[in-house]
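A.B. asks: Predicted coordinates and the sequence they were generated for:
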Amino acid sequence: MSSLFAHIALKALREKSGFDQLDNRQRILLICTSLILLIFFVYQLMISPYFDSRSRLLHSVQQRQEDLQEIKKLRQEYLLVKKEEGGIRDRLAKRSNDFALFSFLDQQAEQAKVKEKIKYMKPSIAEGEGPLRESLVEMKLQETTLEGLVAFLKLIESAENVVSLRRISIQESAKEQGDIDVIMQITTFVEESGP
């Protein structure tokens, strides 16, 4: 019975629209145009938004995966730094309580026989957060030999005292042929006392 009503409604619609009065070529053109418009609207309203949303979602997932990889990488670096800090703290605990970088360098310069070549030594404490602070001494050796510098460097690089060379600049001496002028920054860590 409902198909009968549908058939009657379709026939009434065809009569009112004038579809039956068109010749075959006009009917085909009208049907094709209607189908093209229907496909266009379906694409614009349903398919295109779906693909756009899917593309944005895939891009977002990829971005989150890259962020996750970066977080994992940073976590590994953090754990490595914490492990190194623990090793440094262990070595600092074994180091003499009266250790001072300035006097340590002065003693090693005397032992390497370059103490008289020291032009200046400037100590400083680098700012930082956490229980470890970096202590730094900048020193200049003037008109020294390469052998003297090497002997001094061998004495100061000390894992047990947590002393290392941060930066070095070597130039030929302007005064004496074969001698060198050296500016270097030597660092160690000191543990901050609690408040």
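C.D. replies: Nice, thanks for sending it over.
A.B. asks: for this protein, what spans make up the helices?
C.D. replies: 2-17, 24-42, 48-94, 101-111, 146-156 (DSSP state H).
A.B. asks: These: which one's closest to Val163?
C.D. replies: helix 146-156 (5.7 Å; CB to CB). Every residue, glycine included, has its C-beta placed from N, CA and C.
A.B. asks: Show me which residues of the closest one are buried.
C.D. replies: 148-149, 151-153, 155-156 (16 or more other CB atoms under 10 Å).
A.B. asks: Would you mind getting the angle between it and helix 101-111?
C.D. replies: Interaxial angle, helix 146-156 versus helix 101-111 (axes from the mean of the first three to the mean of the last three CA atoms, to 10 degrees): 140 degrees.
A.B. asks: In a markdown table, list the helices of the chain along with mean pLDDT and distance to Leu132.
C.D. replies: What follows is these, written out as a markdown table (pLDDT from 0 to 100; distance: least, CB to CB, whole Å):
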| stretch | mean pLDDT | distance to Leu132 |
| --- | --- | --- |
| helix 2-17 | 71 | 85 |
| helix 24-42 | 86 | 66 |
| helix 48-94 | 81 | 6 |
| helix 101-111 | 87 | 14 |
| helix 146-156 | 88 | 19 |
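A.B. asks: Would you reformat the buried residues of helix 146-156 as TSV and include distance to Glu77?
C.D. replies: Output for the buried residues of helix 146-156, formatted as TSV (distance: CB to CB, whole Å):
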residue	distance to Glu77
Gly148	38
Leu149	34
Ala151	36
Phe152	33
Leu153	29
Leu155	32
Ile156	28
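A.B. asks: tell me which of those residues is nearest to Ile39?
C.D. replies: When these are compared against Ile39 (criterion: CB to CB), the nearest one is Leu153, at 78.8 Å.
A.B. asks: got the contact list for that closest one?
C.D. replies: Neighbouring residues of Leu153 by CB atoms under 8 Å, 6 or more residues apart in numbering: Leu165.
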